[in-house]
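Visitor: Sharing a model prediction with you, sequence too.
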Amino acid sequence: MKKTNNIRTVSQTDIFISQGIFFAMVFLFFCFVGNYIIYFQETQFLFVFSGDYLHEHLLKPGALLEYTARFLSQFYHSRLSGSLIVSVILSLPLIITYLINKRLINGISFSLVLLLLPSCLLLLMQANYYHLMEYNLGFLLVLSYYLFSISSGKKLRQVFVIILFPLFYYLAGAYAMIFAVMYIVHNLFPEKDKQKYIHSLLLLLIAAVTFLLSWKILFLQPIEQFILFPLPLLKDPAYKAVFIILTSYIVLYPLLCRIAGKFKESKLNSRIYSLISAILVFGIIIFLVVKTFKPQTARVVKLERLIFEEKWQEAIRLQEKKPARNLIGEYFYNIALSETGLLCDRLFYGPQDFLAGSLVLPWGDVHLDRGAYFYYTIGLMNEAHRWAYKEMVVFGYRPQNIRMLAKTSLINGDYAMARKYLDILKKTIYYRKWAMGFEKLADNPAPYKISSGTGTKIEDPYKKQLFHSIQ
Amino acid sequence: MLLKYRIHLVLTLVISILTFTRCGSGEMETAVKNNREPLIEPDYSGVTIPPNVAPMNFCIREEGNSFKVIATSVNSGYQIKVNSGSGIIRFHERSWKKLLKNSIGDKIEIRIFSHKKDSEVLEEYNTVYLHVSEDPIDPYLVYRLIYPGYYSWSHIKIIQRSIESFEEKSIFDNGIMEKNCANCHSFNRNSADRFMMHIRGSLGGTYFYEDGKVTRVEPKIDAMPGGATYPSWHPGGRFVAFSSNQVRQSFYSIPEKNIEVFDLVSALVVYDRKNNETISVTDKDTTKYLQTFPSWSPDGKYLYFCRAHPFISGTNPELEQIQKTHYDLARKSFDPESRSFGETEVVFNATEINKSVSFPRVSPDGKYLVFTLSDYGTFPIWHQEADLYMLDLQKGTIQKMNINSDRTESYHTWSLNGKWLVFSSKRIDGRSARPYFAHIDSLGNQGKEFALPQKDPSLYSRMLESFNIPEFVNGQIKLRPRDLASASKQAAIKAKSGNPPGTPAVRNEAKIDTALIKNERPIHE
């Protein structure tokens, strides 16, 4: 514990304990209550270890950030590794801001609250299941680059910060703009260097040139991609408000540090006030995160996971015990019943609020990622393939669409295409084993039959010719 | 027999020992012939290639831990050696050019060896030969890269690829065109300075690129049942023939087929670039036929097209109705001065043999017409049985070309010198179209076809997109995607009707709402 003018300020231990509490809190939340969030995100993308996949992520500023995020979020497949990764990433701003504070406001108790806020706000954003890993990484990069800009030898650091800005823009995309504003705020307030205005102008100039070169010459992207990608632009008003607060907070962080520094001699600069503030911050964040939690969505995502893993009985039990009373939940229940031959026996053991609507989902982008299951279940492989294919074209590779395409291609005897889809899965961590199992079927295309519950449901394709038009 | 075999084996061993060295090490090693062709992808065995083609890289799909390839010009003895651990064989571009130069009018001999770990011997497969024609091929190929499926699209690019090297550049990229769809790129006599393409969506229109300038035009007039599609430039450059189609698709449930794309209504029109007028191409007495796939003869005196009796009624037809729809090959004479057409002549009555014709293309010397023949309908790219046929326009004889496979062969174009044909084939995986080239000599004989060589020869076995609408071009196109994006800011120039009074109205009673659903593209692949 340090003493400054007889005032007890927060110690490093206080800070480390707070950081530890935050880490544990995040880990427990995503491991249990909020696990549906990371599982949902895992189903949205498929990270493929291939040159082609990397190449796609070199074509615009910020795409490498997205690539890194996809790499990390593939581990969401596992509850433990996923929760661990989210906890580490959300806790990293605590360490970076701690290092920033050491340079800007060493010995100030407010440091604790100041450093807690970015991570807490990110956690609040992460409680929305559309908040992706790249958004966390973007803010992390901004803070890291800011730390770099205030770390090394004065003259040299300014030169490097400015020279390396184009590279930073390429890596971080639109987050580089947030850094640029933060850097200017820093130069306007805490910075005492006489050259600070020149540095700000130079950075602005470099930023403008980088932006123009990227837009007009280097990359083929629409202008909004250069300005906004990969910022989190979700439509949820509450989420949007938190994003604006966090961005403003980070941009103004140098100024806030400057203000906090003024309280060095004040009675408010005490350990007790800071600890109370930190507890308050934790309390508010926990309250807001709990408020954001959507039990119905959690149940639907859990059901979806069970369906994807072909754990039909578990899915039936879950829906009958804790019913998700929405279209998708009831649809998955009916799929599980069909797959186990229980549709007629148990149809009304679970809710059927949407009547026939929960047997087959209507065609369109809204249900594109789920509609294929129905057709696969009833043996209409072409239609299941069409849904999965459209999902792949519109949303890109996802575990469920590539798996469905591989399975339906195999069943239809389209082995060359099946191999292509299986090759994609073989270049992933979590679906490689599955793909290798199915690859044997592609190599030895003997007719194979349904084997319910084993994960290799294959049946004779629908023999009767049906012909239908798109409306 | 046994003695003969032994002598052959001993001779082979002796020759191999004297001739070949171990892969990469330079040590002498035994090579044993296994008397079979190596499995290579793409299949380049026995193909006829132009003297200006990019290196014919390939993958050896044989067991082995290391591979060695010796490509020799039979004519001059010039050799290239390539060693590979993975079986991917890539030739050095400069050496390849030299090899080609030394082999014009003759053959390249490719000897392939594999070596297994813990084995003392090299295995040698039967020699593969490439026949090098004296006829050069057009230097560029333009195609659209799309996912071959259904209605939706995401990223679409139109690419120009050098056939002489692996250089490729986009000329259209919908990433900067509000995700619009582009299709039907078409060139005036394979010219890199004169072409057009359709763009569908918020920036829609027909974009003409002529001598460095891009113009956005809307050739559709009220008399047309749908938008302008399937363009064909008149060799004079003033006219472009289109068909105007209301296209729909239906889906099969059986594994062998996926999609059926068909026209509810289709008619022919000609757009006059000089006067910005669109003229309907109609018969005097009837508008009852479905007419599509217009294609000019190289002298510009005839417009070839496909026509069928419509059996489809309503917007949701039965499969039997579509299966009854057979398109014949027809033509009309054309007078460019008066912009008038003669009577329709049926050139090939495919209905008589229960078949259907698509994509007629006359060779630049006017001697041959190549078309796609399928069992029924108008969209052969989804018909596995679709094959290419050649009509001798002087003799009137038709032959099935020997460049077909048991999968779809479809969209094709002639090179400027009429010696090469590029066509789409789905033979590799049944779904994705790949560009294949075939040499056609003056007697109509066809050399064995080959797939467009790629820097990474394993590309075709992993790529999901199709190379759609392959078109030859005589040079590098200078247009860049950004030029098109700039041109899209111009308002589209709307064409006037050039129809004389009394022109029969185009059949449109079946016309229905053609508005696209979000994220859906017209299906003119």
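Guide: Looks like it came in fine. Numbers count the residues shown, from 1 in each chain, chains lettered A, B, ... in the order given.

Visitor: what are the ranges of the strands in the stretch 401-525 of chain B?
Guide: Per DSSP state E, counting those that start in this stretch, the stretch 401-525 of chain B carries strands over the ranges B:409-414, B:420-425, B:434-439, B:450-451, B:466-473, B:493-494, B:496-497.

Visitor: Mind listing the strands the last one pairs with, and their directions?
Guide: Spelled out, it's strand B:496-497. Strand B:496-497 has the following strand partners under DSSP bridges: strand B:277-281 (parallel).

Visitor: what sits up against the partner strand?
Guide: For strand B:277-281, the external contacting residues (C-beta atoms under 8 Å, 6 or more residues apart in numbering or on different chains) are B:219-221, B:223-224, B:228, B:241, B:267-272, B:291, B:294, B:303, B:332, B:339, B:341, B:495-499, B:503, B:506. To be clear about C-beta, it is placed using only N, CA and C from the backbone, and glycine gets the same treatment.

Visitor: Give me the neighbour count for residue 283.
Guide: Assuming you mean chain A. A count of neighbours around A:Gly283, defined by other C-beta atoms under 10 Å in any protein chain shown, yields 10.

Visitor: I was thinking of chain B, sorry if that wasn't clear
Guide: There are 15 residues near B:Asp283, going by other C-beta under 10 Å.

Visitor: dump the residue contacts of the closest residue to it other than its chain neighbours.
Guide: Leaving aside its chain neighbours, B:Asp283 sits nearest to B:Thr344 (5.9 Å; criterion: C-beta to C-beta, 6 or more residues apart in numbering or on different chains). Counting by C-beta under 8 Å, 6+ apart, B:Thr344 touches B:Asp283, B:Arg307, B:Ala330, B:Arg331, B:Lys332.

Visitor: helix/strand/coil for B:Thr344?
Guide: Under the three-state scheme (DSSP: H, G, I helix; E, B strand; the rest coil), B:Thr344 adopts strand.

Visitor: So it versus B:Tyr304, what's the distance?
Guide: 11 Å (C-beta to C-beta, to the nearest Å).

Visitor: Overlap in contacts, the two.
Guide: In contact with both B:Thr344 and B:Tyr304: B:Ala330, B:Arg331, using C-beta under 8 Å, 6+ apart.

Visitor: correct me, but A:Arg79 touches A:Asn35?
Guide: Yes - A:Arg79 is within contact range of A:Asn35, at 5.6 Å (criterion: C-beta atoms under 8 Å).

Visitor: quick one: low-confidence parts of the chain?
Guide: Picked chain A for this. Counting by pLDDT under 70, chain A shows low-confidence ranges at A:1-7, A:152-154, A:445-471.

Visitor: that's the wrong chain, I meant chain B
Guide: Applying pLDDT under 70 to chain B flags the ranges B:1-29, B:150-152, B:284-287, B:502-525.

Visitor: Around chain A, pick out the residues from it.
Guide: Taking C-beta under 8 Å from any C-beta of the partner chain as the criterion, chain B approaches chain A at residues B:147, B:149-154, B:170, B:173, B:175-176, B:178, B:248-255, B:258, B:260, B:315-319, B:428-431, B:461-462, B:464, B:481-482, B:518-519.

Visitor: Which among those residues count as buried?
Guide: By neighbour count, with 16 or more other C-beta atoms under 10 Å in any protein chain shown, the residues of chain B next to chain A hold B:147, B:149-153, B:170, B:173, B:175-176, B:248-255, B:258, B:260, B:317, B:319, B:428-431, B:461, B:464, B:481, B:519 as buried.

Visitor: What segments of chain B are helices?
Guide: Using DSSP state H, the helices of chain B run over residues B:2-19, B:93-101, B:319-324, B:459-462, B:481-487.

Visitor: Next: the stretch 101-250 of chain A.
Guide: A:111-126, A:133-149, A:154-163, A:165-172, A:175-188, A:196-213, A:223-228, A:237-251 (DSSP state H, counting those that start in this stretch).

Visitor: what's the most buried one of these?
Guide: Most buried of the helices of the stretch 101-250 of chain A, by mean neighbour count (mean count of other C-beta atoms under 10 Å in any protein chain shown): helix A:111-126, with a mean of 24.

Visitor: Go ahead and measure how far that helix is from the middle of the chain.
Guide: 17 Å (C-alpha atoms, centre = their mean, to the nearest Å).

Visitor: Output the contacting helices and strands for it.
Guide: helix A:12-31, helix A:79-104, helix A:133-149, helix A:237-251, helix A:253-261, helix A:271-292 (3 or more C-beta pairs under 8 Å, 6 or more residues apart in numbering or on different chains; DSSP states H and E).

Visitor: The fifth one to helix A:133-149, inter-axis angle?
Guide: Between the direction of helix A:253-261 and that of helix A:133-149, the angle (axes from the mean of the first three to the mean of the last three C-alpha atoms, to 10 degrees) works out to 60 degrees.

Visitor: residues making contact with helix A:253-261?
Guide: With C-beta under 8 Å, 6+ apart as the criterion, helix A:253-261 contacts A:97, A:100-101, A:104-105, A:108, A:110-111, A:114, A:146, A:182, A:185-186, A:188-191, A:249.
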